[in-house]
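[1] Predicted model, plus sequence, below.
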Amino acid sequence: MPHIIFVATDIFGQKLNYELEFPAQPSVMELLNHVESVFSAEQSMRKPGGAPPYKVSKLNVVDEATEGWVEVVNQSQLKKYCQVYAFQPHSTQATESQGHIPTPIRPRHLQVATGGGMHSASPIMAAAGSRGPSVQSYGQAVPVIQSGPPAHLPPVVVPPVAVSSGLAQVKLLPADASHDEKVRAAFEGLDANANQVIEAEELKRGFQMFGIDFSHATTEDLFRKADIDRDGVINFAEWQRFCELYPTLLDSLYYRLKSHWEITAATMDLEQFASHRAALEEAERNSKNEYDRTQIEADEAERRLLDLERAASDTSAKQRAAEENARESMRDVERSQQNRQARERALAAEKERERQAHLASQHSARDLDTAQRKLATTQSNMAEVEALERRLQGQLAEALREIQRLKAVSDQNAADVAAASDRHNRVLSEMPTRAVEECTAALAQAEQDCVVVENRQRELDSVAQAHAAAVADVMRAQEEGIRQASALRDRQEPARNRWAESQLQLENFNRQLAEREDVVNKEINEKRLMYSQEKALVEQEVKLREQRESLEEKEGALRSAHSTFFQPQKVIYH
């Protein structure tokens, strides 16, 4: 909030009181430099090129405790809205004298802010603000000075008017003012250029500004009646006499001036109040933008979280599929190992059968050899017997019997040889000549299948591990997403609350502003109604004054005629 100080001084014999604004409480040197800068600019405006720089010799301030003037020696004396008087070094061009200190206004070379933007204060309004009721006079008794901004009427809304911000600090006119106070206030209110006289154009503009709609002829007639010495202006003495003749008009001017200042102060206060709307609207927009941003971030986080959940689900499914494939591959490894073991057992069995068949073949070969030896022995014996038969013809019967027996034995041996040969051939035919090679090839194929399955198992294990790592990464990302979403939700709730609070504040502000508008509009309408009723009284007073003056003129003429009629006539003798 700005730090405002009222500084008064004397410029070319006229008291000025300016409202100076600082961003914070100034030091004595900062105040002195700013005062010299502002009043130097004022001197240059009043006398361009012919005014020396404005200098300050000392600063006095109103002390709230003693209600008197004291010299400014430290920063703590420069409180908000304090009244300071700046003394210039004594010279022929700068002299100080006791006098009325006017109401503070903004420096003329600055602009004031209103509801419609930046406007310069109008001459009449600036004069009305600068020539209001006195705050104090330097060197005289000092009234109680407020330490803060003066209280105003309830803030209301009127059409934007370009006014000086000093009016917001005006001490409003009392409702029970004396006749002399009314005369002084009305005179200063009409004296727009502050030259201590009222000109005809000032009187006309003043009547128009205060809503007294006299005709041009009536205004000129009233000015002529007030301008007794016919110098073209109304001085204060002439204005006092004029107000004695028109008390109702004086009351109307005074209370309209009072109402004008009250409405102006209420307008300034309302504009200051309404100026907060932009800040509230900006705060509401910022709160909404923050909430929308957090909502977008939360939606984005939710979307990322859903994507992570889908990725986790897909990765989990892939992991389950990989684990199932690994288990199936393990079962294939087990089956291939079982197949290899079965092939190994089959190979061992075939080798055992081959060994048994080989042993049987050896046994049958030995039996065949034995039978063949027996056959050879028998044949040898038969040859010997036949030789013996040839030698022993004599022993024919016995030899025949022996021959028969040997033939029988020989047949039996031949049958045994045939049977042994059959058995040997049968064993040879039944012997598995290629079973071992086939079993060996099958075993080699089974071992190769085992190697392939084991390699595939290792690949599936690495894939399963990769999927497990991916699942772990996705789960960590999902946990991080959940944490971020929770943090965003935690941020979103205060943002939503701030937005709702700013909306509520804006609604309350608009409602209060509307209420104040209704109050001031009602007050303005009441004053307009009062002005319309008062207008008839003022016009009646003017007409009655004209009639009275006309009657007084007639009475004067009659008195003159009467005195002339009854005056003794001189007899002239010849």
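    In hand now; what should we look at?
[2] can we go C-alpha only for contacts and neighbour counts from here?
    Will do.
[3] Let me know how buried residue 561 is, in neighbour terms.
    Residue 561 has 12 neighbouring residues, counting by other CA atoms under 10 Å.
[4] and it, that one's in a strand?
    No. Under DSSP: H, G, I helix; E, B strand; the rest coil, residue 561 falls outside any strand and is assigned helix.
[5] quick one: it from residue 554, how far?
    10 Å (CA to CA, to the nearest Å).
[6] try residue 339
    In this view, residue 339 and residue 554 are 154 Å apart by CA to CA.
[7] Those two: which has the busier surroundings?
    Higher neighbour count among residue 339 and residue 554: residue 339, with 19 against 12, using other CA under 10 Å.
[8] How about the contacts made by that one?
    residue 446 (CA atoms under 8 Å, 6 or more residues apart in numbering).
[9] Is it within a helix or a strand, and which one?
    helix 247-391 (DSSP states H and E).
[10] ok, now residue 20?
    Judged by DSSP H and E, residue 20 forms part of strand 14-22.
[11] what's next to that strand, contact-wise?
    2-10, 99-107, 166.
[12] which of those count as buried?
    Buried residues within the contacts of strand 14-22, counting neighbours by 16 or more other CA atoms under 10 Å: 4-10, 100-107, 166.
[13] of all the residues you listed, which comes closest to residue 33?
    Using CA to CA, residue 7 comes nearest to residue 33 of those, at 12.5 Å.
[14] and the closest one, backbone torsions?
    phi -120, psi 120 (degrees, to the nearest 10).
[15] got a list of what it touches?
    Contact analysis of residue 7 by CA under 8 Å, 6+ apart lists 17-20, 35, 83-86, 104.
[16] Which residue of the chain lies farthest from its centroid?
    Ranked by distance from the centre of the chain (CA atoms, centre = their mean), the top residue is residue 394, with 152.0 Å.
[17] so it, which of the three states?
    Following three-state DSSP, we place residue 394 in the coil state.
[18] if I look at it, how far off is residue 405?
    18 Å.
[19] got it, and residue 296?
    In terms of CA to CA, residue 296 sits 123 Å off from residue 405.
[20] and residue 172, how many residues sit next to it?
    19.
[21] Quick one, grab the pLDDT at it.
    We have a pLDDT of 71 for residue 172.
[22] was I right about it contacting residue 263?
    No. Residue 172 lies out of contact with residue 263 (CA atoms under 8 Å); the separation is 10.4 Å.
[23] Tell me how far the residue most central in space within the chain lies from residue 496.
    Nearest to the mean C-alpha position of the chain, by CA atoms, centre = their mean, lies residue 286 at 2.9 Å. Residue 286 is 11 Å from residue 496, where distance means CA to CA.
[24] cool, and residue 363?
    Going from residue 363 to residue 496 by CA to CA gives 105 Å.
[25] Looking at the two, which one has more neighbours?
    Taking neighbours as other CA under 10 Å, residue 363 and residue 496 compare with residue 496 leading, 18 against 14.
[26] Spatially, and excluding backbone neighbours, which residue is closest to that one.
    Using CA to CA, 6 or more residues apart in numbering and skipping the chain neighbours, the partner closest in space to residue 496 is residue 291 (5.7 Å).
[27] was I right about that neighbour contacting residue 492?
    Yes. Counting by CA under 8 Å, residue 492 is a contact partner of residue 291 at 6.2 Å.
[28] Am I right that residue 73 is in a helix?
    No. Using three-state DSSP, the secondary structure at residue 73 is coil, not a helix.
[29] returning to that earlier point: from the contacts of residue 7, which is closest to residue 464?
    residue 20 (80.5 Å).
[30] low-scoring stretches of the stretch 301-450 of the chain, by residue?
    389, 392, 395-396, 399, 428, 430-436 (pLDDT under 70).
[31] Likewise for the stretch 451-574 of the chain?
    Checking the stretch 451-574 of the chain against pLDDT under 70 turns up 532-533, 535, 562-574.
[32] and what of the stretch 101-250 of the chain?
    Looking along the stretch 101-250 of the chain with the criterion set at pLDDT under 70, you get 108-171.
[33] Now do the helices in it.
    123-130, 179-190, 200-209, 216-226, 236-245, 247-391 (DSSP state H, counting those that start in this stretch).
[34] quick one: which of those is nearest residue 425?
    Using CA to CA, these put helix 247-391 closest to residue 425, at 8.9 Å.
[35] Next SSE downstream of that closest one?
    By DSSP H and E, the next helix or strand past helix 247-391 is helix 396-430.
[36] Tell me who's in contact with the residue farthest from the centre of the chain.
    Taking CA under 8 Å, 6+ apart, one finds nothing in contact with residue 394.
[37] how much space between it and residue 404?
    For residue 394, the distance to residue 404 - CA to CA - is 17 Å.
[38] Residue 524 too?
    Distance from residue 524 to residue 404, by CA to CA: 173 Å.
[39] out of those two, which sits in the busier spot?
    residue 524 (17 against 12).
[40] Can you tell me the element the more buried one falls in?
    Assigned by DSSP H and E, residue 524 falls within helix 435-566.
[41] got the angle for that helix vs helix 216-226?
    Counting by axes from the mean of the first three to the mean of the last three CA atoms, to 10 degrees, helix 435-566 lies at 60 degrees to helix 216-226.
[42] Helix 247-391 and helix 435-566, what's the angle between them?
    On the basis of the same axes, to 10 degrees, helix 435-566 is oriented at 180 degrees to helix 247-391.
[43] Can you name every helix or strand that helix 435-566 contacts?
    Helices and strands touching helix 435-566, by 3 or more CA pairs under 8 Å, 6 or more residues apart in numbering; DSSP states H and E, are helix 247-391.
[44] The helix it packs on vs helix 179-190, what angle?
    Going by the same axes, to 10 degrees, helix 247-391 makes 60 degrees with helix 179-190.
[45] Give me the neighbour count for residue 352.
    Neighbour count of residue 352, defined by other CA under 10 Å: 12.
[46] can you check the one 10 residues further on too?
    By the criterion of other CA under 10 Å, residue 362 has 13 neighbours.
[47] and it, how far is that from residue 353?
    From residue 362 across to residue 353, the span is 14 Å (CA to CA).
[48] do residue 327 as well
    For residue 327 relative to residue 353 (CA to CA), the value is 38 Å.
[49] what residues are up against residue 454?
    residue 333.
[50] Test my guess that residue 414 contacts residue 374.
    No. Taking contacts as CA under 8 Å, residue 414 lies outside contact range of residue 374: 9.3 Å.
[51] Fine, thanks again, bye for now.
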